[in-house]
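> got a predicted model here, sequence first, then my questions.
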Amino acid sequence: MLNTFESSLSNLRGCSVVVKPDDVPSEGSMVPIVLRFDDGTRLQANYWRIIENGIAIISSFDHQKKYGLPGPLDAIKGLQDETSDKTITQARVDKETGDLVFEFTENLKLEVFNFTGYEIWTIQFPDGTGEYSNYVLEPRNWVSVSKLSRWCQRPMQHPTLPTEVEEEVGALVSELIRAGWKLSGASYKPQMFGNWIVELQRDGSEIRLVKDKSQYYLDGPPRDELQTHGLWRAFIDLSEFRSSLLEWVVGARPK
């Protein structure tokens, strides 16, 4: 529930934070970082911006840019310097965009952006709860995905799996097809860590198998259904993902 998430965020008031680079390499404007709050909360984020006294001073989009300076900017170091020795006065989620906003002492603000259907920030709280950027506004996020599908440039009349995806999950997709699902689309992004999406449809329902930075998850079904079948999470082990997915498929098969 969004209210529960908002309450957990509000509990960060008074916390300090340590910023470190994530172990995922930066690429373009995507500059992965990990924020560790002193209450044990952990936030992973890819796109972000610092605002001081109402003025944007540095962001992930500035990382490694020169702008005519003697050397490239280190945006992560800038974020570390600006948040050092400061505490949070307010933490909230923007209910329109799903951005996270952290306000600090000395009129400093950190914005963590959410502008894609991919998982670009994740947060875990000390009590074991957490949230993902691509689920935080559910069910409104499904409306956005539905609209995006209208703007696909080339609908696939006879969709096939890209070679790399076929090698990785071709057998799993075949099992889903035998269970009544129909392949409706697939994409592979070698420049984005080899991420891919496989879209399938059955009886008016649509699911998406997603690989995002070497993690696998199922997108499409309602959150409570995913939680019931142990699919409300990302999987590192593909075989574990396959087992949980096929178990759900059997239970969800029309009678």
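Cool, the structure landed.
> all strands for this protein, in order.
For the chain, the strands defined by DSSP state E occupy 17-21, 33-37, 42-45, 48-52, 55-59, 88-93, 100-104, 108-112, 121-124, 130-132, 182-189, 195-202, 205-212, 215-219.
> a markdown table please, covering these and showing mean neighbour count and distance to residue 164.
In this view, the C-beta of every residue, glycine as well, is placed from N, C-alpha and C. Compiled in a markdown table, those are given as follows (neighbours: other CB atoms under 10 Å; distance: least, CB to CB, whole Å):
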| stretch | mean neighbour count | distance to residue 164 |
| --- | --- | --- |
| strand 17-21 | 16 | 28 |
| strand 33-37 | 19 | 28 |
| strand 42-45 | 20 | 25 |
| strand 48-52 | 20 | 30 |
| strand 55-59 | 15 | 32 |
| strand 88-93 | 18 | 35 |
| strand 100-104 | 21 | 33 |
| strand 108-112 | 21 | 30 |
| strand 121-124 | 20 | 25 |
| strand 130-132 | 18 | 25 |
| strand 182-189 | 17 | 5 |
| strand 195-202 | 20 | 7 |
| strand 205-212 | 20 | 10 |
| strand 215-219 | 21 | 14 |
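> would CSV of these with distance to residue 70 and mean pLDDT be doable?
Listed next are the strands of the chain as CSV, based on distance: least, CB to CB, whole Å; pLDDT from 0 to 100:
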stretch, distance to residue 70, mean pLDDT
strand 17-21, 22, 95
strand 33-37, 24, 95
strand 42-45, 28, 94
strand 48-52, 22, 96
strand 55-59, 17, 93
strand 88-93, 34, 96
strand 100-104, 29, 97
strand 108-112, 26, 97
strand 121-124, 32, 92
strand 130-132, 39, 86
strand 182-189, 35, 88
strand 195-202, 35, 90
strand 205-212, 37, 88
strand 215-219, 39, 88
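> minimum distance to residue 176: which of these has it?
Closest to residue 176 of these is strand 195-202 (CB to CB; 5.9 Å).
> any residues touching that closest one, and which ones?
For strand 195-202, the external contacting residues (CB atoms under 8 Å, 6 or more residues apart in numbering) are 118, 159, 161-162, 164-165, 168-169, 173, 176-177, 180-189, 206-213, 254.
> how about stretch 109-118?
Under the contact criterion CB under 8 Å, 6+ apart, stretch 109-118 has outside partners 43, 45, 47-52, 79, 83, 97-104, 120-121, 133-134, 136, 141, 144-145, 148, 195, 210, 212, 219.
> try 7 Å this time
For stretch 109-118, contacts defined as CB atoms under 7 Å, 6 or more residues apart in numbering pick out 45, 47-51, 83, 97-103, 120-121, 133-134, 145, 212.
> was I right about residue 246 contacting residue 175?
Yes - using CB atoms under 7 Å, residue 246 is in contact with residue 175, at 6.3 Å.
> domain ranges for this structure?
2-132, 155-252 (automatic domain parsing).
> turn the strands of the chain into TSV, including distance to residue 67.
Below are the strands of the chain laid out as TSV (distance: least, CB to CB, whole Å):
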stretch	distance to residue 67
strand 17-21	21
strand 33-37	21
strand 42-45	23
strand 48-52	16
strand 55-59	11
strand 88-93	30
strand 100-104	25
strand 108-112	21
strand 121-124	26
strand 130-132	33
strand 182-189	29
strand 195-202	30
strand 205-212	31
strand 215-219	34
